[in-house]
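Colleague: Make a model of this:
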Amino acid sequence: MEYRIRRALQGMVRHSYLKDEGTALEKDIIDCSLGINPCGVTPKLTKDMYAATFDVLASYPAHPYVETRRHICEYFSDVASLDVGQLSMQNGSMSALRAVNSIFLEDGTRVLAPQPCFSSYTTDARACGAEVDVVPLREEDHFAFPVDEYVAAIREHHRLAYLDNPNNPTGQALSIADLRRILTAAREKGVLVLVDEAYGDFLDKSESALSLLDEFDNLIVTRTFSKGFGLGALRAGYIAVPKAMADILEAFGGEMNLTTPAAAMIPVVLSDPAFLAYSRDLIAQNNQKLISGLNVLKTSATRDDVPITLFYTDQDVDLGALFWKYGIRVENGVDFEGIGKRHVRLRVPQDITELARRLERIEAELQAAR
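Modeller: Residues are numbered from 1 along each chain as shown. The predicted structure is shown next:
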């Protein structure tokens, strides 16, 4: 039988670093792959709290999650005047991004994106029928984000201008001033700016684009509880929009996207900002120690308090395979657009002692091969 899938999907190459690599790792493997909080989750969240949701598993979730959304609004109340109608709960931030794409993208539309960025986003945009125009982050500039070039690249025909902030895979973040420049330029051309803040909880709340929602009616923000807040297994995220867009979000944001256990855990993790501060401090210390100890490997422009960094070499080697040889699991550059086998994304672990030793051995092998 011929399966008549949509034309946009026919022959499309899927870019994603999520692969079936097995769920169990050997004991001596250091997992520096997926972007989680290396410190785990707040100790305020207990097994008993999670178990308490068992009794309601036969019931549907409390859609539309008014109480959950109220907790989020209260959490950001010192930097943003959000109301519950501006938020839509989603099954993680990828679900949020797909929901936005499904609302705004169709065959023949165009999206602007940096390259490299979160590859699953651009893959989904193409699956919706859009073409993706890219602004390259250049290796000779240590992949620093070219704000001027991005602003200049915005055109009236762009349905969305996408930014992951912090950027995945580099870990660098745009300032509020830079975001304001981009949003202003996009608004003048009637373009929506989609800011993916999957790693945003590793930054101070004041650095979130949520603080700009009252100022810009062309801004959409997606966020997740999977990374900074440590709820990756529960798949919880949300979309935030300006008040003028709230009716669109309510109509097309989806239904019952959030499970009852996830909804129950969100207020708990939001109640412990000290845990996030502790996590950021430890991540920054570990990143500073790792990066300052490098002599051969190079790293991208990044933020010390964000757990992911792009490592690379100018030598013609499969860097992901070399890291695996020394027992370090990373995300390979070939799974991102705009970079390749000489690049890997490394997420810093909680304890870097053994990782630092293995990086020394990797650098020694690279040095010997020169």
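Colleague: Packing partners of the worst-scoring helix or strand of the chain on mean pLDDT?
Modeller: Here the helix or strand of the chain ranked lowest by mean pLDDT, DSSP states H and E is helix 47-51, holding a mean of 91. Counting contacts by 3 or more Cβ pairs under 8 Å, 6 or more residues apart in numbering; DSSP states H and E, helix 47-51 packs against helix 260-270. All C-beta spots, glycine's among them, are computed from the backbone N, C-alpha and C.
Colleague: measure the one residue sitting closest to the centre of the chain to Ala173 for me?
Modeller: By Cα atoms, centre = their mean, the chain has its centre lying nearest to Ala198, at 3.3 Å. The gap separating Ala198 from Ala173 is 12 Å, by Cβ to Cβ, to the nearest Å.
Colleague: for the helix or strand just after the least confident helix or strand of the chain, packing partners?
Modeller: Once the chain leaves helix 47-51, the next helix or strand it forms, by DSSP states H and E, is helix 66-75. Where contact means 3+ Cβ pairs under 8 Å, 6+ apart, helix 66-75 is packed against strand 87-90, helix 260-270.
Colleague: For these, state which one has the densest average packing.
Modeller: strand 87-90 (a mean of 26; mean count of other Cβ atoms under 10 Å).
Colleague: tell me which residues in the next helix or strand after that one are buried?
Modeller: Downstream of strand 87-90, the first helix or strand assigned by DSSP H and E is helix 93-104. By neighbour count on 16 or more other Cβ atoms under 10 Å, the buried set for helix 93-104 is 93-101, 103-104.
Colleague: ok, so what distance separates His142 from Ser77?
Modeller: 37 Å.
Colleague: One more: Glu255?
Modeller: 27 Å.
Colleague: Same drill for these two, tell me which one is more crowded.
Modeller: Neighbour count, other Cβ atoms under 10 Å: between Glu255 and Ser77, Ser77 has more, with 11 against 8.
Colleague: Need the pLDDT of the more buried one.
Modeller: In the predicted model, Ser77 carries a pLDDT score of 97.
Colleague: quick one, phi psi at it?
Modeller: phi -60, psi -20 (degrees, to the nearest 10).
Colleague: same check, this time on the one 3 residues further on
Modeller: Here is the backbone geometry of Ala80 (degrees, to the nearest 10): phi -150, psi 140.
Colleague: Break down the stretch 101-250 of the chain into its strands, ranges please.
Modeller: 110-115, 131-136, 158-164, 192-196, 219-224, 237-240 (DSSP state E, counting those that start in this stretch).
Colleague: Turn those strands into a markdown table, including distance to Lys205, mean neighbour count and mean pLDDT.
Modeller: Formatted as a markdown table, these follow (distance: least, Cβ to Cβ, whole Å; neighbours: other Cβ atoms under 10 Å; pLDDT from 0 to 100):
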| stretch | distance to Lys205 | mean neighbour count | mean pLDDT |
| --- | --- | --- | --- |
| strand 110-115 | 23 | 23 | 98 |
| strand 131-136 | 27 | 16 | 98 |
| strand 158-164 | 18 | 24 | 98 |
| strand 192-196 | 14 | 26 | 99 |
| strand 219-224 | 11 | 27 | 98 |
| strand 237-240 | 13 | 27 | 98 |
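Colleague: Tell me which of those sits nearest to Glu331.
Modeller: Among the strands of the stretch 101-250 of the chain, the nearest to Glu331 by Cβ to Cβ is strand 158-164 (14.1 Å).
Colleague: Tell me the strands beside that closest one, with direction?
Modeller: Partner strands and pairing direction for strand 158-164 (DSSP bridges) are strand 110-115 (parallel), strand 192-196 (parallel).
Colleague: out of these, nearest to Ser88?
Modeller: Of all the strands paired with strand 158-164, strand 192-196 comes closest under Cβ to Cβ, at 13.8 Å.
Colleague: Contacts made by that closest one with the rest, please.
Modeller: 93, 97, 100, 104, 118, 121, 159-165, 179, 182-183, 186, 209, 216, 218-222 (Cβ atoms under 8 Å, 6 or more residues apart in numbering).
Colleague: now do 7 Å
Modeller: Under the contact criterion Cβ atoms under 7 Å, 6 or more residues apart in numbering, strand 192-196 has outside partners 93, 97, 100, 104, 118, 121, 160-165, 182-183, 186, 209, 218-222.
Colleague: Stretch 315-335 now?
Modeller: So stretch 315-335 is in contact with 15-17, 25, 28-33, 119, 169, 312-313, 339-346, 355, 358, 361-362, 365-366, 369-370, going by Cβ under 7 Å, 6+ apart.
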